[in-house]
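J.: Following is a predicted model, sequence given first.
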Amino acid sequence: MPCESTAEPTVALRPRPWHHRRMARRWRVALLLLGAGLGASVGCSGDDGEAVGGGDDASPEAGVASTDASTSGGDGSATPPGVDAAKPTDGGSGGDGGDDADADLDAGTDAGVDASDGAPPLTYKHYDINHVLSTGASDSVANGGSPRLTSTQPYTNLSFDTGVMTAGTCNGSGCKVYQTPAGFIPLVEGDRFFNYAVETMSSGLANHASSLATSWFAKVGLPYAQHDVLVSLHGRSGNEYWCLRQQTANLSPGANVCYYSAALGYIPPFDEALMQVESAKALAAAAGKTYAVRAVTAIHGQGESDSNEQNFTFLQSTDGSGRRLLNYTDGLLDWQNDYDTKVRAITGQAEPIPMFISQFGSMTTATSIIPQRQLDAHVVSNGKVNLVTPNYVFPHYTDCNHYTNHSQRWLGAYFAKAYQRVVVEGQKWEPTRPLAVNRAGNVITVKYVVPVPPLVIDTQRVDASNDKFPVPPVYGFIYRDSTMSAAITSVAVTAPDEVTITLSAAPTGANKILRYAFESQLSNFRCPGPTNGARGNLRDSDGSVSVHLDANGNPYELFNWSVAFQADVP
């Protein structure tokens, strides 16, 4: 159907409750700065599937195909070599949408990423030991991630002599013992939260981070031969945010801080993190090593999704201000601030401690607001909370809630990419994410932040079939409004940073929204991953790979897949 002659106003995407605008010219400048990304990877020899070679800086795999966006059913998707890009399928209808309001996704933060070929100022400060603290719920402690894969250390990365996990006597509520480390050992996998050895994401992160950092040192002329990463884990299976955060009395009257009680002998996870910092600092000093905590990682969101954030009604900030935490976005910002404040008080370091999060997508319900909350935190925090990757590309364990061992190690490499960008290079990290939404009649245009252009619709790595969804998505995209007045007929990549979505008609309903990888399949088909559950087919062209190998003996691919989102449509 042809577009209407009068274009609707642009809706700049923004997460609520922040309402600020950015000038259009600034967006154009930011998009120019997003034209290239560092995708270097250096191989290593190792065990149980380590790569012996890595990729160079990524280059686009295919040109961008164009199509007439005003014609229903047109297919302008860019197809990489060897990919059988499916023809767009018809959409469906049903349900209603969200709020109808302007939104600027980049409110309060700079949109650009300095990924130009010019040399940015070097801000890196070298430490002998670079500590990464890891937290979260069951996926953080690798429930289902068995057997272990990484049994040797190919670099000089470290764990405590107790292992990646320092807690003992653990169950579904928490852990009762802090096993005080007596030293450092080479980082390998095989820790046990319950009664079986697992592969956490720790080795995937540390080993790929060492590879990226040493390669970058040589590239920019820094004299360092290694970047030693110490990873320690203080996550808890089954724990929601209010159990994992700093335990304080800053709650609404009558509320309990968590469902477990310290009086029963459980160690609060946040307290364990500070114990780990104290232990590492003392051990480093005894060894004559310089030391800093570089980052916190969190694999989390299931509990908040299952409860629909209802427990945030009693939470206040732990900073002593009495400020209410309205949702999971507020919680993530507060969580990062607690680590930054409390950990730096112990180490005395000047460097900030950013948080890196993976996007939740293992939905047990038809949809969840948590993925959007995580994206909102990334946007408004200005680099303090960094959204690394969505989770739909990773195969899951047979219980449909947890990552496999290979997915754990693969996810770690994604964390390493973001760590390299922020901690080592001192630049801003951006995932592939929406920047602005426009509509002209029945045509919606989405501008993206793209780390390595062009955008690609990939139906080889993620399945595009849509027959088991209440509203059939097209490459992951679903349109909704109050009356379901239109459905998606085609989705096409029409510029390196642009996706054009054609609807069956100009929409007339209220509460117009566009969703991507935001709705799950029917209840019997919700097992998340690249073939089931909430997912999409849009990625960038980053051809970098991990130093570790997958189950087929190939390096893990590290494309930046579009994050899940829900956006207002004008």
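T.: Received it, and whenever you're ready, just let me know what you need. Numbers count the residues shown, from 1 in each chain.
J.: quick one: Lys219 from Val424, how far?
T.: From Lys219 across to Val424, the span is 11 Å (CB to CB, to the nearest Å). Any C-beta I mention is one placed from the backbone N, CA and C, and that applies to glycine too.
J.: Between those two, point out the one with more neighbours.
T.: Val424 (23 against 12; other CB atoms under 10 Å).
J.: can you give me the strands for the stretch 51-200 of the chain?
T.: Listed from the start of the chain, the stretch 51-200 of the chain has strands (DSSP state E, counting those that start in this stretch) covering 129-136, 158-160, 167-170, 175-178, 184-186.
J.: Dump these into TSV; add mean pLDDT as well.
T.: Converted to TSV, the strands of the stretch 51-200 of the chain look like this (pLDDT from 0 to 100):
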stretch	mean pLDDT
strand 129-136	96
strand 158-160	98
strand 167-170	90
strand 175-178	93
strand 184-186	98
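J.: can you redo the ones you listed as CSV with distance to Arg323 and mean neighbour count?
T.: What follows is the strands of the stretch 51-200 of the chain, written out as CSV (distance: least, CB to CB, whole Å; neighbours: other CB atoms under 10 Å):
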stretch, distance to Arg323, mean neighbour count
strand 129-136, 22, 25
strand 158-160, 35, 25
strand 167-170, 31, 18
strand 175-178, 30, 17
strand 184-186, 39, 15
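J.: Nearest to Arg526 among those strands would be which one?
T.: The stretch from these with the least distance to Arg526 (CB to CB) is strand 129-136; that distance is 20.8 Å.
J.: tell me which strands and helices the closest one is in contact with?
T.: Applying 3 or more CB pairs under 8 Å, 6 or more residues apart in numbering; DSSP states H and E, one finds that strand 129-136 contacts helix 202-220, strand 229-233, helix 269-286, strand 291-299.
J.: now the angle from the second one to helix 202-220?
T.: Following axes from the mean of the first three to the mean of the last three CA atoms, to 10 degrees, one obtains 150 degrees for the angle between strand 229-233 and helix 202-220.
J.: Averaged pLDDT, strand 229-233. What do you get?
T.: For strand 229-233, mean pLDDT is 97.
J.: Quick one: list the elements packing against the helix or strand that it is followed by.
T.: Of the helices and strands lying after strand 229-233 in sequence (DSSP states H and E), the nearest is helix 241-244. Applying 3+ CB pairs under 8 Å, 6+ apart, one finds that helix 241-244 makes contact with helix 269-286, helix 328-347.
J.: Which of these sits closest to Pro121?
T.: Evaluated with CB to CB, the helices and strands packed on helix 241-244 place helix 328-347 nearest to Pro121, the distance being 22.6 Å.
J.: who touches the next helix-or-strand element following that closest one?
T.: Once helix 328-347 ends, the next helix or strand along the chain (criterion: DSSP H and E) is strand 355-357. Outside of strand 355-357, the residues that reach it under the criterion CB atoms under 8 Å, 6 or more residues apart in numbering are 295-300, 332, 335-336, 339, 374, 377-378, 384-388, 415, 418-419, 422.
J.: Parallel or antiparallel, list what pairs with strand 355-357.
T.: Strand pairing for strand 355-357, determined by DSSP bridges: strand 291-299 (parallel), strand 385-387 (parallel).
J.: Any stretches of the protein with poor pLDDT?
T.: 1-120, 249-261, 303, 305-308, 310-311, 364 (pLDDT under 70).
J.: okay, now the domains of it?
T.: When the chain is parsed with automatic domain parsing, its domains come out as 11-120+433-570, 129-424.
J.: Distance of the residue lying closest to Tyr392 once chain neighbours are set aside relative to Pro472?
T.: On the basis of CB to CB, 6 or more residues apart in numbering, the spatially nearest residue to Tyr392 that is not a chain neighbour turns out to be Arg535, at 3.7 Å. Note on Arg535: its distance to Pro472, by CB to CB, is 13 Å.
J.: Looking at those two, which has the bigger crowd around it?
T.: For Arg535 and Pro472, the more surrounded residue by other CB under 10 Å is Arg535, and the numbers stand at 27 against 17.
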